[in-house]
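**Q** just coords:
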């Protein structure tokens with residue numbers, strides 16, 4: 001399918017805008033910050049900005065890897081900005097966030113993969129907003145356990161690392177990543193810091209078979225993953241992989257039910273779900289497990305932070 005293939009009705013949504021949307025853009029611009037919402041062309045960006053939320057993208061807008069599903073720029077990277085952690089903390093405070101999600105580009109050029117920068121950002125947010133929950137969506141740090149430990153020692157509330165797709169599709173979708181290494185990130189995080197919730201996610205619609213999804217979910221559960229997100233892959237531009245299939249909402253509901261039966265504590269599953277979808281609600285112990293897509297349109301129905 002080409003990027004111009006007509007989307008089914010369940011993937012059509014209004015694009016809200018207004019003062020809140022522009023206010024978030026202005027705060028991020030003034031703080032000289034990037035968001036995955038913009039860089040990855042997330043379809044929920046308008047809703048989330050209108051709800052005064054954003055997922056911070058640290059360590060620059062360019063990635064050292066070139067995943068075939070991702071719209072983030074691949075190419076020349078820049079030195080880390082030592083002031084970025086404090087700017088993230090200030091922006092989170094200005095946005096009045098009670099739950100802060102931080103992700104990054106992959107920086108294989110750095111000895112620790114940027115783990116120290118993640119830790120510094122977590123600590124800066126903790127100092128600025130002590131009561132806030134913090135979730136980090138990390139790269140694999142090339143399997144470096146000491147880098148992972150550095151992030152965990154900063155004590156985020158949730159450690160998220162996405163496997164993204166099933167093993168068979170890694171060469172086509174994530175040619176510079178290793179499936180078992182990603183599974184091991186989840187396993188090691190649970191072993192090193194069992195008090196920190198582990199989380200992962202997959203995109204559906206890239207050509208995976210049902211049994212492959214099931215085996216991948218089993219691998220994640222066996223690695224100790226507690227929180228799961230499942231969403232529809234959407235081709236950001238003609239430069240990325242085409243969509244092989246649009247998965248109907250009822251299939252996402254079925255996968256949610258199956259994942260909960262497998263032992264995942266919390267599952268968000270639906271066409272517009274992304275890796276940080278309703279992250280604040282998913283991290284709360286009182287969460288009832290009712291995030292499946294359209295039924296989340298009440299309140300903050302974006303893919304990122306829970307603004308309470």
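**A** Okay, I see it. This structure is a prediction, so every number in the text was calculated from the model and none was measured.

**Q** And what about the residue nearest the centre of the chain, helix, strand or coil?
**A** Geometric centre of the chain, nearest residue: residue 275, 3.3 Å, by C-alpha atoms, centre = their mean. Under DSSP: H, G, I helix; E, B strand; the rest coil, residue 275 falls in the coil class.

**Q** Give me the phi and psi for the closest residue in space to it that isn't next to it in sequence.
**A** Nearest residue to residue 275 in three dimensions, chain neighbours excluded: residue 201, at 4.4 Å (C-beta to C-beta, 6 or more residues apart in numbering). From N, CA and C alone the C-beta is placed, and that goes for glycine too. Backbone torsions of residue 201, given as degrees, to the nearest 10, read phi -150, psi 160.

**Q** which stretch of helix or strand covers residue 218?
**A** Using DSSP states H and E, residue 218 maps to helix 210-222.

**Q** Can you name the element that comes right after that helix?
**A** Moving toward the C-terminus from helix 210-222, the next helix or strand (DSSP H and E) is strand 227-232.

**Q** what does that following strand rub up against?
**A** 11, 158, 160, 197-205, 217, 220, 246-247, 252, 255-256, 259, 264-277, 282-283 (C-beta atoms under 8 Å, 6 or more residues apart in numbering).

**Q** Try it again at 7 Å.
**A** Applying C-beta atoms under 7 Å, 6 or more residues apart in numbering, the contact partners of strand 227-232 are 11, 158, 197, 199-205, 220, 246-247, 252, 255, 259, 264-275, 277, 282.

**Q** Which members of the residues you listed occur in helices, if any?
**A** 220, 252, 255, 259, 282 (DSSP state H).

**Q** What pLDDT is listed against the last one?
**A** Turning to residue 282, the model gives it a pLDDT of 78.

**Q** follow-up on the earlier one: just grab the bridge partners of the residue nearest to residue 275 for me.
**A** residue 229 (DSSP bridges).
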